[in-house]
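Peer 1: following is a predicted model, sequence given first.
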Number of protein chains: 2
Amino acid sequence: MRTRDRILEASVKLFNAEGVARVSTNRIATEVDISPGNLHYHFKTKEEIVEWLFRHLEGRIDPLLDDDAPMRALDDWWLHVHLSLEAIYDYRFVFYDLEYLLREYPRVATRIRRLTLHSLQSVRRQCGELARSGVMRASDEDLEMLALHIVFTGTCWLTFANVLPDPTRSQPPSGLAAYQVLSLLGPYLADEPAHYLHYLRSKYVR
Amino acid sequence: MRTRDRILEASVKLFNAEGVARVSTNRIATEVDISPGNLHYHFKTKEEIVEWLFRHLEGRIDPLLDDDAPMRALDDWWLHVHLSLEAIYDYRFVFYDLEYLLREYPRVATRIRRLTLHSLQSVRRQCGELARSGVMRASDEDLEMLALHIVFTGTCWLTFANVLPDPTRSQPPSGLAAYQVLSLLGPYLADEPAHYLHYLRSKYVR
DNA sequence: GTCTATATGCGGATAGAC
DNA sequence: GTCTATCCGCATATAGAC
């Protein structure tokens, strides 16, 4: 089962660098140094490759979403966000080419939708906990909207960062995205966590 | 110059519905009921079609960004946002396939980047005005971050909406996006504009 | 499991006649 | 301006030998 893994490894590398659409299965085969025929022995279709890569991503994010260790300080949550966004960054091709995948690969599409809903639920719950422990003050409506914005930012920020000119893009990318997510909480935070946020800002902006 | 316009019209329709990558120039020619050769008489390359469509989009957004009529109430700003997002919706293929266009069509890419920066500048200025007229209270740092989030939301929301299940998607799409943008101001608004925001919310959510 | 060879189809784009 | 015919290249996928 070694070749199979090398195919996946090469695929994610190429997809991230050049986009799913531009990378042909032949390219992948060349990169792995096997024949196209051999590649199709391991993965019948290109979609199958993408699907398995997406499963890997799920394997990294789902546990973070399901972890219901107590969430009492902003810092606890920050860690989860950071790890999630690192995973997203490692599989960024998914988020660069979201629409393409949704249209072209139906089986991947359903998995994407499932993961997004799962994220929404968990983030809502986690923010609720933060509110209950006094880290921030927000109404239920606020929390609902916050969760949506947060998942939205996690999902699309990398794409947007690519539109911006280099100065913003050349930051450590997952870190900046994480700060961007966290800053959404800014207006709702109590004094002490607000200072922590400010400290993080100094680390990631400019 | 009639055929030329029919080509552009058919292109934007097909691009929006199926994505730039899936729509071949032959498809467009068929739709317009001309020959492929004829299409290439009017537009040497596919990129040229995309570029001209993007110019049309610019023609609708740039004036809104440059309009420096006084911006004293939240409602003034709301109108600008709404019109911009309507334009974005009419050319939504650009935003669905952002990464694809950035990679595949360099001339379009520079235009996209230019428009994004232009939006950032203008939104920053407009939010500054709103703050100065007392519609909201926000520090310079807040304003900077707000502008970024607002342009980000305008740019990527439609894509994200496609990931969510239908209930959220089946809303009047540009209206929902506009509310989503506006809601970012929520925490910073004074009492009266906050009520106006709440009224808008009732129009666009659920 | 891995290779070579190949089928099949489509996409963008051009040539040249009308 | 518009057409027909065609080139060229690539991508996905398969067949069958080793």
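Peer 2: It's in. Numbering: from 1, shown residues only, chains lettered A, B, ... in the order given.

Peer 1: helix or strand for A:His114, which one?
Peer 2: No His there; residue A:114 is Arg. A:Arg114 is part of helix A:106-132 when elements are defined by DSSP states H and E.

Peer 1: quick one: distance of the following helix or strand past that helix to the chain centre.
Peer 2: For helix A:106-132, the following helix or strand on the C-terminal side (DSSP H and E) is helix A:140-163. Relative to its chain's centre, helix A:140-163 lies at 11 Å (CA atoms, centre = their mean, to the nearest Å).

Peer 1: domain-wise, how is chain A divided?
Peer 2: Annotated domains of chain A cover A:1-44, A:46-202 [automatic domain parsing].

Peer 1: show me what the helix holding A:Arg114 is packed against.
Peer 2: The contact analysis (3 or more CB pairs under 8 Å, 6 or more residues apart in numbering or on different chains; DSSP states H and E) places helix A:106-132 against helix A:46-66, helix A:74-90, helix A:98-104, helix A:140-163, helix B:140-163. For glycine as for every other residue, the C-beta is placed from the backbone atoms N, C-alpha and C.

Peer 1: the shortest one vs DNA strand D: in contact?
Peer 2: So the one you mean is helix A:98-104. No. For helix A:98-104, no contact with DNA strand D is found by CB under 7 Å from any atom of the strand; the gap never falls below 10.1 Å.

Peer 1: neighbours around A:Trp157, how many?
Peer 2: Counted with other CB atoms under 10 Å in any protein chain shown, residues neighbouring A:Trp157 total 22.

Peer 1: who are the contact partners of it?
Peer 2: A:Ala177, A:Gln180, A:Val181, B:Phe152 (CB atoms under 8 Å, 6 or more residues apart in numbering or on different chains).

Peer 1: what of A:Gly154?
Peer 2: When contacts are counted by CB under 8 Å, 6+ apart, A:Gly154 is found next to A:Val81, A:Ser84, A:Leu85, A:Ile88, A:Ser119, A:Ala177, A:Val181.

Peer 1: now the helices and strands packed on helix A:106-132 as JSON lines including distance to B:Glu18?
Peer 2: Output for these, formatted as JSON lines (distance: least, CB to CB, whole Å):
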{"stretch": "helix A:46-66", "distance to B:Glu18": "18"}
{"stretch": "helix A:74-90", "distance to B:Glu18": "27"}
{"stretch": "helix A:98-104", "distance to B:Glu18": "7"}
{"stretch": "helix A:140-163", "distance to B:Glu18": "20"}
{"stretch": "helix B:140-163", "distance to B:Glu18": "13"}
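
Peer 1: so for DNA strand C, which of the ones you listed sits nearest?
Peer 2: With CB to the nearest atom of the strand, the closest approach to DNA strand C among those belongs to helix A:98-104: 12.9 Å.

Peer 1: name the residues that touch the closest one?
Peer 2: With contacts defined as CB under 8 Å, 6+ apart, helix A:98-104 is touched by A:20-21, A:47, A:50, A:94, A:108-109, A:112, A:155-156, A:159, B:18-19, B:21-22, B:96-97, B:100, B:159, B:162-163.

Peer 1: ok, now stretch A:50-70?
Peer 2: A:8, A:11-12, A:15, A:20, A:43, A:76, A:80, A:83-84, A:87-88, A:90-91, A:94, A:101, A:105, A:107-108, A:111-112, A:115, A:118-119, A:121-122, A:125, A:129.

Peer 1: if we use 7 Å, what do you get?
Peer 2: Here stretch A:50-70 makes contact (CB atoms under 7 Å, 6 or more residues apart in numbering or on different chains) with A:8, A:11-12, A:20, A:80, A:83-84, A:87, A:91, A:94, A:101, A:105, A:107-108, A:111, A:115, A:118-119, A:122.

Peer 1: ok, stretch A:183-195 next?
Peer 2: A:74, A:134-138, A:142, A:146, A:149-150, A:153, A:197, B:145, B:187-188.

Peer 1: filter the contacts of helix A:98-104 down to the buried ones, PyMOL style.
Peer 2: Here is the PyMOL command that picks out the buried ones among these, judged by 16 or more other CB atoms under 10 Å in any protein chain shown:
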select buried, (chain A and resi 20+21+50+94+108+109+112+155+156+159) or (chain B and resi 19+21+96+97+100+159+162+163)
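
Peer 1: so which of the contacts of A:Trp157 sit within helices?
Peer 2: Judged by DSSP state H, helices contain the following of those: A:Ala177, A:Gln180, A:Val181, B:Phe152.

Peer 1: measure the residue nearest to A:Tyr188 when sequence neighbours are not counted to A:Trp77 for me?
Peer 2: The spatial neighbour of A:Tyr188 that comes closest, neighbours along the chain excluded (CB to CB, 6 or more residues apart in numbering or on different chains), is A:Met136 at 4.1 Å. The gap separating A:Met136 from A:Trp77 is 10 Å, by CB to CB, to the nearest Å.

Peer 1: show me where pLDDT drops low in chain A?
Peer 2: Low-confidence segments of chain A, defined by pLDDT under 70: A:1, A:166-174, A:206.

Peer 1: for chain B, what's the nearest residue on it?
Peer 2: With CB to the nearest CB, the shortest gap between chain A and chain B falls at A:Pro187, namely 3.4 Å.

Peer 1: give me the neighbour count for that residue.
Peer 2: 19.

Peer 1: try A:Asp191
Peer 2: The burial count for A:Asp191: 6, using other CB under 10 Å.

Peer 1: now swap in A:Ala17 and tell me
Peer 2: A:Ala17 has 11 nearby residues by other CB under 10 Å.
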